[in-house]
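would you be able to build a 3D model of this:
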Amino acid sequence: MPRSGRRLPGPRRHPLALAALPAALLALICAGPAPGATAPGAGSPAPADVRPDARVTVPAHAGAPRSRSFDTAPARAALERLLPRHHGQFTLVPDTAAGADTFTVSGTAGAITVRGSTGATLLTGVGWYLQHVAGVDIGWPGDSIGLLPARLPAVPAPVTRGAQVPHRYALNDTDDGYSGPYRTFEEHQRQIDLLALHGINEVFVQVGAEYPYYRALQDFGYSAEELRQWIPGPAHQSWWLLQNLSGFGGPVTERLMRERAELGGRIAEQLRGLGMTPVLPGYFGTVPPEFAARNPGAATVTQGDWAGFDRPDWLDPASPVFRRLAAAYYAEQRAVFGDSTMYRMSPLHEGGQTGSVDVGAAAGAIQDALQAAHPGALWAVLGWQDDPTPELLAGVDTSRLLILDGLSDRYNRLDREARWGGAPYAMGTIYNFGGHTTIGANTSVWLERFGPWRAKGNSALAGIAYLPEATGTNPAAFDLFTDLAWEPGVIDQRKWFADFAARRYGRPDPAAAAAWEELRKGPYSTSSGLWSESQDSLFTARPNLTAAGAAYWSPKSMRYPAGSVRRALDRLLEVAPELRGSSAYRFDLVDTARQALANHSRVLLPRIKAAYEAEDLPLFRKLTAEWREGEAKLDAVTGSDPNFLLGSRLAGARAWGADRAEQDRYEYDTRSLLSVWGRRSTSEGGFLHDYANREWSGLVSELYARRWALYFGSLEEALVRRAAPRAIDWPAFEEEWAGRTTRHPDRPSGDPYRLAAAVAAALPPAPTG
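Numbers count the residues shown, from 1 in each chain. Okay, here's the model as predicted:
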């Protein structure tokens, strides 16, 4: 379990935090709690897991002006982690004179110099060198650095690159839930290293975001126990912060919240050390039930339903009580996370009720509270569905707003300047929903739009926003999207993928080039209009002979010719033996074999349906046996790579529990998100069951394969008896699985090459492309 030296505040208000506040915020806090509010801890002893001697430690960086120079030690430490055998051949030189977000790479063999304007930009320069000079890849996931020569190659001539846009934002609000809410500091640190290496400079930090709510609301009439019941488990907290739900997956313990806050504080400091911006959750009015009754003068609006959950109430931001609560929230947040210059908020996300609230005035009050706490800070709002609305934009200073456009590559005929009145925005992509293991992205759309959108005479495009709902699943998409912000010219898609294939496995290889050309033409050239992600797998779908997809909100048919992935698998199996040892090759091979099997499920299920409807029992049995064999191969091949293991995710969750009951609760929090998502009303009424489906070893064998076996068994029994098949309560079946605590391997096993070759041998050959 990660620990840090940061000491969090105990159950009483911490005076040191007040001393560090801007005058405007201090005045708000000194107005005191709302009438009738209960002081934290009043009338009851502190919980047993609270350290009575805990004190706040105000971060040394809080409010400090940035020096023209900077300490390269954090970048050097990251370089040592990224290149343990070659870091000594790099000299990192701070250079702010060249301007913001600029690096220069030069040097002779074995002596490479990178100059940069921040620690992160230094690492971006290293990343550029690795890709364009050394010819290797450090991807997300997988790398080929084992193919680097002992002495790094010289840079033919010095190269300087500057970022084309000031904002390079990363991480969806849902990333913590779908990518791993129970990760360690080392796992988050690796993520930061990769983001810096690929040119990102603003990173959303959600871990521990519940703690400022927990602390602040104890001054507004709520006991610690009430708040621990209200705050959901970590796997579901992303949607609580979006004001979609509360309570599910909990209750959380004080110890868990404190440790998560410590972890979040370390993540924020890690980012600051590299000159990156930790983007923190802002406060826009989410409150527990009965807030108005406990705080005279407060006005709240019931928010209704979200996918079968009761949404938390919304405190009218125009009320004086909001100003006091927002000030208290930001003070508590500062004590643990320090200051930032960007805060994430999306009021009325995916619905909600405005009641009698003036949305423009509410938005202005939200921004005013942020400015009082953090003068000059940017408000980052998600561009999604109808948000941000014209009413919201009319109420704020849009020069202090950044819209993270989650729909840039999904729909056509978009005019962001007209839609948002010239407010600054970042072109974004959400090519992954729910953490689905599916290959592809609308990369051709990125390349067609980024340059022209930026070159428009009235362009408000100010950045990129890397927003897949889960990360670490698609190295090619991550590399290409982040390259948009640093390449001064037009990126040629075909050439880019050819270069990617060459560096991905450490040197050019004709079979690798052919494989990635197939993938480029297929899943990486899907078009905009309706979808930004590829289809998911029928192996992961709730059983039905007419199933067209696993997740209700995902594509229901192939978005590219399936033969492209099938041919890519054959070509990857032909890559030179000496290049097959890298983690990049192993991941890509397993992922491509997995995708080829998943695509074949869309061929096989209609055949099973036809056999059933024809009452051809022998053929039905033959085809369902083929289906079971495909599931077995799928579970085996994914079990050979560490990125596809259910056991790792479950072990990570259990590691945060202090006792068996708490461990079981966090495992349920994790399993439920992957299956039923929430309660029955969410699974069925909200259509969220299997929203987070993924082809992982353990998940395939213990949930998906068992589910299909039960279904096919009922159909076979119906054919034998010449009767209607028996009904199956799928929500109950899936809920039983979510409540299990069975163990699964958290380390890969088996030979990826042999297992992928077995997949290829079992699948019909693809037609010539």
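
point out where the stretch 51-200 of the chain drops to low pLDDT.
Flagging of the stretch 51-200 of the chain using pLDDT under 70 yields the residue ranges 51-68.

nearest residue to residue 109 in space, please, no chain neighbours.
residue 154 (4.4 Å; CB to CB, 6 or more residues apart in numbering). No exception for glycine: its C-beta is placed from N, CA and C like everyone else's.

contact partners for that neighbour?
Neighbour list for residue 154: 107, 108, 109, 133 [criterion: CB atoms under 8 Å, 6 or more residues apart in numbering].

residue 211 too?
Contacts of residue 211 (CB under 8 Å, 6+ apart): 8, 257, 258, 260, 261, 264, 332, 336.

thought residue 508 was touching residue 499?
No. In this structure, residue 508 is not within contact of residue 499 by CB atoms under 8 Å, at 9.3 Å.

more crowded one of these two?
A count of neighbours by other CB atoms under 10 Å puts residue 499 above the other of residue 508 and residue 499, at 18 against 14.

restricted to helices, list the contacts of residue 154.
Among those, no member is found in helices (DSSP state H).

now, of those residues, which are buried?
Buried members of these, counted by 16 or more other CB atoms under 10 Å: 107, 133.

nearest to residue 440, out of the contacts of residue 154: which one, please.
residue 133 (29.2 Å; CB to CB).

how about the contacts made by that closest one?
Residue 133 neighbours (CB under 8 Å, 6+ apart): 105, 153, 154, 155, 156.

ok, now with 6 Å
The neighbours of residue 133, taking CB atoms under 6 Å, 6 or more residues apart in numbering as the test, are 153, 155.

ok, now how distant is it from residue 579?
19 Å (CB to CB, to the nearest Å).

so for stretch 304-322, mean pLDDT?
Averaged over stretch 304-322, pLDDT sits at 96.

list the buried ones in it?
306-319, 321-322.

and the end-to-end length of it?
End-to-end distance of stretch 304-322 (CA to CA, to the nearest Å): 20 Å.

neighbouring contacts of it?
Contacts for stretch 304-322 (CB under 6 Å, 6+ apart): 34, 243-246, 285-287, 295, 297-303, 353, 357, 361-362, 365-366, 681-682, 685-686, 688.

got a quick ChimeraX command for the buried subset of these?
To isolate the buried ones among those in ChimeraX, judged by 16+ other CB under 10 Å, type:
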select :34,243,244,245,246,285,286,287,295,298,299,300,301,303,357,362,365,366,682,686,688
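
I'd like the next helix or strand past the helix or strand hosting residue 653.
In the assignment (DSSP states H and E), residue 653 maps to helix 646-654. Using DSSP H and E, the helix or strand that follows helix 646-654 towards the C-terminus is helix 660-674.

looking at that next one now, give me its mean pLDDT.
97.

buried sites along it?
So, applying 16+ other CB under 10 Å, buried residues of helix 660-674: 662-674.

also stretch 224-244?
So, applying 16+ other CB under 10 Å, buried residues of stretch 224-244: 224, 226-228, 230-244.

neighbours of residue 453, how many?
Neighbours of residue 453 (other CB under 10 Å): 19.

could you pull up the residues touching it?
residue 461.

ok but it is inside a helix, no?
Yes. Residue 453 forms part of a helix when assessed by DSSP: H, G, I helix; E, B strand; the rest coil.

phi first, then psi, for the nearest residue to residue 605 once chain neighbours are set aside.
Leaving aside its chain neighbours, residue 605 sits nearest to residue 538 (5.3 Å; criterion: CB to CB, 6+ apart). Backbone geometry at residue 538, expressed as degrees, to the nearest 10, gives phi -80, psi -20.

longest helix anywhere in this protein?
helix 583-613.

tilt between the helix or strand following that helix and helix 646-654?
Counting by DSSP H and E, the next helix or strand C-terminal to helix 583-613 is helix 617-638. Inter-element angle recorded for helix 617-638 and helix 646-654: 60 degrees (by axes from the mean of the first three to the mean of the last three CA atoms, to 10 degrees).

can I get helix 617-638 in PDB, CA atoms only?
The C-alpha coordinates for helix 617-638 follow below in PDB (Å, rounded to 0.1, in the frame of the first residue of the first chain):
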ATOM      1  CA  LEU A 617     -29.400 -30.200 -33.000                       C
ATOM      2  CA  PRO A 618     -26.100 -31.800 -34.300                       C
ATOM      3  CA  LEU A 619     -25.100 -28.600 -36.100                       C
ATOM      4  CA  PHE A 620     -26.200 -26.500 -33.100                       C
ATOM      5  CA  ARG A 621     -23.900 -28.700 -30.800                       C
ATOM      6  CA  LYS A 622     -21.000 -28.400 -33.300                       C
ATOM      7  CA  LEU A 623     -21.200 -24.700 -33.500                       C
ATOM      8  CA  THR A 624     -21.700 -24.000 -29.800                       C
ATOM      9  CA  ALA A 625     -18.700 -26.300 -29.200                       C
ATOM     10  CA  GLU A 626     -16.700 -24.000 -31.600                       C
ATOM     11  CA  TRP A 627     -18.000 -21.000 -29.600                       C
ATOM     12  CA  ARG A 628     -16.700 -22.600 -26.300                       C
ATOM     13  CA  GLU A 629     -13.400 -23.400 -27.900                       C
ATOM     14  CA  GLY A 630     -13.100 -19.700 -29.000                       C
ATOM     15  CA  GLU A 631     -13.800 -18.600 -25.500                       C
ATOM     16  CA  ALA A 632     -11.100 -21.000 -24.100                       C
ATOM     17  CA  LYS A 633      -8.600 -19.700 -26.600                       C
ATOM     18  CA  LEU A 634      -9.600 -16.100 -25.800                       C
ATOM     19  CA  ASP A 635      -9.100 -16.700 -22.000                       C
ATOM     20  CA  ALA A 636      -5.700 -18.400 -22.600                       C
ATOM     21  CA  VAL A 637      -4.200 -15.900 -25.000                       C
ATOM     22  CA  THR A 638      -5.200 -12.900 -22.900                       C
END
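
where exactly do the strands run in the stretch 151-300 of the chain?
Ranges of strands within the stretch 151-300 of the chain are 159-162, 167-170, 202-204, 277-281, 286-287, 300-301, based on DSSP state E, counting those that start in this stretch.

check which helices and strands the last one sits against.
I take that to be strand 300-301. strand 313-315 (3 or more CB pairs under 6 Å, 6 or more residues apart in numbering; DSSP states H and E).

the longest one too?
Here strand 277-281 touches strand 202-204, strand 342-344, going by 3+ CB pairs under 6 Å, 6+ apart.

who are the packing partners of the first one?
Right, strand 202-204. strand 277-281.

what pairs with the strand it packs on, parallel or antiparallel?
Sheet pairing for strand 277-281, assigned by DSSP bridges, gives strand 202-204 (parallel), strand 342-344 (parallel).

for the record, mean pLDDT for the first one?
Summarised as a single mean, pLDDT over strand 202-204 is 98.
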